[in-house]
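**Q** structure of the sequence below:
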Amino acid sequence: QVQLVESGGGLVQAGGSLRLSCQASGRTFSGSGMGWFRQAPGKEREPVASINWSGTTTYYRDSVKGRFTISRDNAKNAAYLQMNSLKPEDTAVYYCAQLKGGFADWSTIDYWGQGTQVTVSS
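**A** Sure, this is the predicted structure:
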């Protein structure tokens, strides 16, 4: 069984930065793609970024390109989301997910974390 624990969320002013971390347990992390998703109040959960098993391929939703960076450290069983130039519309609960297979395909999820709140004030 895989457990994913997010941390690093909080309250930040517009233009600020946060770094989210996702600590994974289990032996499948290094061979799996990882993704970050978010869900704002009253909206559906949406993909934000994904990364393949080796860290060589990444994808981002258009609205965060150039501002967010996804990365991973397989030696630490951890994934990260560096968020810069934050905007009020980035406010949401952010979820870490382990993807099926080793690719950065955010359409298939094996495991979810519990989420961490990110609030960006204007």
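**Q** what's the distance between the most centrally placed residue in the chain and residue 68?
**A** The centre of the chain sits closest to residue 36, judged by C-alpha atoms, centre = their mean, with a distance of 2.4 Å. Per C-beta to C-beta, to the nearest Å, residue 36 is found 8 Å from residue 68. For every residue, glycine as well, the C-beta is placed using N, CA and C.
**Q** over to residue 99?
**A** 17 Å.
**Q** same check, this time on residue 6
**A** If you measure residue 6 against residue 68 using C-beta to C-beta, the figure is 15 Å.
**Q** ok, residue 120 - how many residues close by?
**A** Residue neighbour count, defined by other C-beta atoms under 10 Å, stands at 20 for residue 120.
**Q** pLDDT score for the residue nearest to it when sequence neighbours are not counted?
**A** Excluding its sequence neighbours, the residue lying closest to residue 120 (C-beta to C-beta, 6 or more residues apart in numbering) is residue 86, at 4.6 Å. We note a pLDDT of 98 for residue 86 in this prediction.
**Q** can you read off the backbone torsions of residue 86?
**A** Main-chain torsions, residue 86, degrees, to the nearest 10: phi -60, psi 150.
**Q** mind listing what it touches?
**A** 12, 14-18, 67, 118, 120 (C-beta atoms under 8 Å, 6 or more residues apart in numbering).
**Q** so which of the residues you listed are in strands?
**A** Members of the contacts of residue 86 lying in strands (criterion: DSSP state E): 12, 18, 118, 120.
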